[in-house]
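S.K.: coordinates only, sequence not included:
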């Protein structure tokens, strides 16, 4: 058995192997393009958001959102999302938006979110201190 330069057995020439390799890469490239194209066609849904008091920092799946559009956030409908709302001096809130199957395709629920952040309550202990003067021998006070 003889091996060619590529280490393959048989009597096939380098150009025959090159043509097969090119064909294989062409199929792989085609599959990648089709997959990428289909991923770009994922269903989207706008979820309306009302978060108070403003300004509120919003994170979607751990990524900070610079600004919430008036119409709402545009999210992929084919998967669930975690929305995190925070503001300094207020308790953070999280909302899970679930992707549910429907006859028209995947749908996000809830489709409208209203969040009211509550202030963090600072509870401190009150300490009353009463000072009394001491009598020192010899008639003086300290």
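M.R.: Thanks, I have it. Everything numeric in this text was worked out from a predicted model, so none of it was measured.
S.K.: ok, now how distant is residue 127 from residue 88?
M.R.: 28 Å (C-beta to C-beta, to the nearest Å). No exception for glycine: its C-beta is placed from N, CA and C like everyone else's.
S.K.: meant to ask about residue 122
M.R.: Distance, residue 122 to residue 88, using C-beta to C-beta: 13 Å.
S.K.: go on, residue 60?
M.R.: 20 Å.
S.K.: of the two, who's got more company?
M.R.: residue 60 (15 against 6; other C-beta atoms under 10 Å).
S.K.: give me phi/psi at the closest residue to residue 90 other than its chain neighbours?
M.R.: In space, and not counting its chain neighbours, residue 90 is closest to residue 117: 3.9 Å by C-beta to C-beta, 6 or more residues apart in numbering. Main-chain torsions, residue 117, degrees, to the nearest 10: phi -70, psi 140.
S.K.: tell me who's in contact with residue 117.
M.R.: 51, 52, 53, 56, 85, 86, 87, 90, 91, 92, 93 (C-beta atoms under 8 Å, 6 or more residues apart in numbering).
S.K.: so the last one sits against residue 113, correct?
M.R.: In this case it means residue 93. No. Using C-beta atoms under 8 Å, residue 93 is not in contact with residue 113; the gap is 9.8 Å.
S.K.: so what are the domain limits for this protein?
M.R.: 1-41, 44-116 (automatic domain parsing).
S.K.: what mean pLDDT does the shortest one get?
M.R.: It stands for domain 1-41. Taken as a whole, domain 1-41 has a mean pLDDT of 56.
S.K.: start at 84, not 1
M.R.: Yep, numbering from 84; the last one is domain 84-124 now.
S.K.: now the strands: where do they sit in the chain?
M.R.: For the chain, strands defined by DSSP state E occupy the ranges 127-135, 140-143, 146-148, 156-159, 164-169, 176-183, 190-192, 195-199.
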